[in-house]
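Peer 1: Sequence first, then the predicted structure:
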Amino acid sequence: MRGGIFKVLVAAALAALLALGLPACDDDDGGSSDGETASSSKEGGSQTGGGEPGADFEPAPLRVSGDGAELREAAEAVHAFYVARARDEWSATCSRVAQAQLEKLESLAAQSERKGCTDLLESFSTPMSNEEWREATVMDAESLRVDGKQASLVYQGAGGETYSIPLHEEDGEWKVESLAATSLG
């Protein structure tokens with residue numbers, strides 16, 4: 001009995017993390033701006049998204065209103081993480097997670113009899129509409145606070161809501177340290 005309760009607790013904890021990790025964002029004008037880049041991940045896997053978005057699902061383009069190459073690199077990494085999640089590209093999603101967080105996910109997967117990060121995240125994917133998935137990929141990156149290999153990306157999301165997500169630099173690339181962006185508003 002103890003193992004069954006533990007599995008339920010692990011599942012509830014992961015579900016809470018994943019629910020927080022998809023901030024709803026909003027693209028007011030739907031057009032492009034000077035600081036905009038399209039970021040997408042094509043892994044060759046399903047393009048239907050974790051909540052069954054249709055074949056016409058297109059992620060929102062990334063906007064970078066702040067200055068600097070490092071800000072752009074960090075924003076592209078986070079945007080690619082959100083796009084991969086929206087498209088059900090679990091291997092690409094897990095490859096964008098910092099090693100320490102990935103180890104935690106792998107441990108949770110083992111304890112819940114899942115086959116690693118990809119299987120764990122897929123099993124807890126939240127059904128959402130095409131529009132909700134698109135909103136989850138909207139970002140206007142404003143700033144990056146760097147302290148060695150640690151950083152915090154601040155970006156605007158839905159309705160002007162400001163979010164922050166922690167990052168870690170590994171092998172010259174920014175990786176997300178959390179599945180959940182924190183609302184600063």
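Peer 2: The structure has been received and is ready for your questions.
Peer 1: Retrieve the pLDDT associated with residue 87.
Peer 2: Residue 87 is assigned 88 on the pLDDT scale.
Peer 1: any idea how far residue 152 is from it?
Peer 2: Distance, residue 87 to residue 152, by C-beta to C-beta, to the nearest Å: 26 Å. From N, CA and C alone the C-beta is placed, and that goes for glycine too.
Peer 1: which one of those two has more residues nearby?
Peer 2: Comparing residue 87 with residue 152 by neighbour count (other C-beta atoms under 10 Å), the higher total belongs to residue 87, at 25 against 16.
Peer 1: Isn't that one up against residue 58?
Peer 2: No - the pair residue 87 / residue 58 is not scored as a contact, 10.4 Å apart, by C-beta atoms under 8 Å.
Peer 1: Residue 167 is in contact with residue 101, correct?
Peer 2: No - using C-beta under 8 Å, residue 101 is not in contact with residue 167; the gap is 10.6 Å.
Peer 1: Common neighbours of those two, please.
Peer 2: 175-177 (C-beta atoms under 8 Å, 6 or more residues apart in numbering).
Peer 1: TSV please, covering those and showing secondary structure, distance to residue 119 and pLDDT.
Peer 2: Shown next, in TSV, are the shared contacts of residue 101 and residue 167 (DSSP: H, G, I helix; E, B strand; the rest coil; distance: C-beta to C-beta, whole Å; pLDDT from 0 to 100):
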residue	secondary structure	distance to residue 119	pLDDT
175	strand	20	98
176	strand	19	97
177	coil	21	97
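Peer 1: So which of these is the closest to residue 137?
Peer 2: In terms of C-beta to C-beta, no member of the shared contacts of residue 101 and residue 167 lies closer to residue 137 than residue 176, at 14.0 Å.
Peer 1: quick one on the thing from earlier: kindly reformat the shared contacts of residue 101 and residue 167 as a markdown table containing neighbour count and distance to residue 161.
Peer 2: Putting these into a markdown table (neighbours: other C-beta atoms under 10 Å; distance: C-beta to C-beta, whole Å) gives the following:
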| residue | neighbour count | distance to residue 161 |
| --- | --- | --- |
| 175 | 22 | 23 |
| 176 | 25 | 18 |
| 177 | 17 | 20 |
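Peer 1: Please pull up the helix or strand immediately following the least confident helix or strand in the chain by mean pLDDT.
Peer 2: Counting by mean pLDDT, DSSP states H and E, the chain has its least confident helix or strand at strand 36-37, which shows a mean of 38. Going down the chain from strand 36-37, the next helix or strand is strand 62-64, by DSSP states H and E.
Peer 1: List the neighbouring strands of that following strand plus their orientation.
Peer 2: Strands adjacent to strand 62-64 in the sheet, as given by DSSP bridges, are strand 36-37 (antiparallel), strand 139-147 (parallel).
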